[in-house]
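Peer 1: all I have is the shape, not the residue letters:
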């Protein structure tokens, strides 16, 4: 699934979520977990939150406090609804595979495209699907001025396959246009899940195309043509394990697939980043997959089509010039056609027929002049 959303049902659960996200990158750099995170949204801007997400800031925002000053933004009390939601954006598998096997400079570009697409999707939510209630009984519904979002960027699955994805934690605390703060209407976020996924995919596909990657589109989805489906499948061991568990236990519903995912959930297996890239490259070689050759072949059909189209256009233009009739022959033919036409229209007056013939002559003379100029 490209975009999914799930609630954290208590502050304690959300704090545990932070610990999980901050340390849940499955490769290590110099022996430490790679916690790649940042703040996003106009709500975060109002709170002067930027750079990596720290646990004290995260916990303060969960409790309705300004992380910088400790001032209460909203009254949490003993509320039972969720303090926030995790909306996860996952790149299509072909994109993750390309990222894993590409040179480092290309990897940076692919990752930038992914993060920019996530920003576009969350900004769309912020602009069109974020609402709060106020007044007695919450009867007044208002657009918010922005969202407060903590993003955690991950690169691998639990089975250590490449999987570019970002967890965007949307806090249930948002600024109103009058400067006050309130809680969000969760139903609007859930309803916007698929739409946010489409926005993410569209921006990601467009960015990758601009960078020169060949794209194959299917409705609102896409894939990179340089990565065969068999290679995608080989680098989707987590998905294969879930599907096998679902088949084994007879799971067919979304809830059942969640159970299959839990049954196959493995403990984290930290591994050095460099070792993972070497392992992915070796797996590609074992599959007989050469990325650079595949990328060249993916571009060739478009080039061949352009060459054929250009050659065909040149050939079609040349005979037209060589076989262009003289202006005299053309006008003679026009007159003959006009006379034949007039004889076939006995119901028209002579003057009307003459005017029609004259208009035909003028149009044909102009056509002859155009053809002569082109010669």
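Peer 2: In hand now; what should we look at? If you're wondering where the values come from, they're calculated on a predicted model, not measured in any experiment. Residues are numbered from 1 along each chain as shown.
Peer 1: what about the stretch 201-350 of the chain, any weak spots by pLDDT?
Peer 2: Along the stretch 201-350 of the chain, segments meeting pLDDT under 70 span 238-271, 300-350.
Peer 1: got the domain ranges for the protein?
Peer 2: Annotated domains of the chain cover 3-224, 324-374 [automatic domain parsing].
Peer 1: please identify the most buried of the ones you listed.
Peer 2: Of all the domains of the chain, domain 3-224 carries the top mean neighbour count, a mean of 18, counting by mean count of other CB atoms under 10 Å. Where you see a C-beta, it was placed from the backbone N, CA and C, and this is true even at glycine.
Peer 1: measure that domain end to end?
Peer 2: One end of domain 3-224 to the other measures 19 Å (CA to CA, to the nearest Å).
Peer 1: for the chain, which segments count as helices?
Peer 2: For the chain, the helices defined by DSSP state H occupy 11-23, 42-46, 55-62, 93-101, 104-128, 186-191, 193-210, 229-234, 237-249, 254-263, 273-286, 291-322, 327-343, 350-374.
Peer 1: just want the angle from the longest strand seen in the chain to helix 11-23.
Peer 2: Ranked by residue count under DSSP state E, the longest strand found in the chain is strand 162-171. For strand 162-171 against helix 11-23, the angle by axes from the mean of the first three to the mean of the last three CA atoms, to 10 degrees is 150 degrees.
Peer 1: summarise which helices and strands strand 162-171 is packed against.
Peer 2: Packed against strand 162-171 by the contact rule (3 or more CB pairs under 8 Å, 6 or more residues apart in numbering; DSSP states H and E) you find helix 11-23, helix 55-62, strand 84-90, helix 93-101, helix 104-128, strand 149-156.
Peer 1: what helices and strands are in contact with the fourth one?
Peer 2: If you count contacts as 3+ CB pairs under 8 Å, 6+ apart, helix 93-101 packs onto helix 104-128, strand 162-171, strand 221-224, helix 229-234, helix 273-286.
Peer 1: could I get these as a markdown table with distance to residue 3?
Peer 2: Shown next, in a markdown table, are the helices and strands packed on helix 93-101 (distance: least, CB to CB, whole Å):
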| stretch | distance to residue 3 |
| --- | --- |
| helix 104-128 | 7 |
| strand 162-171 | 9 |
| strand 221-224 | 12 |
| helix 229-234 | 19 |
| helix 273-286 | 25 |
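Peer 1: quick one: terminal-to-terminal distance for stretch 98-111?
Peer 2: End-to-end distance (CA to CA), stretch 98-111: 11 Å.
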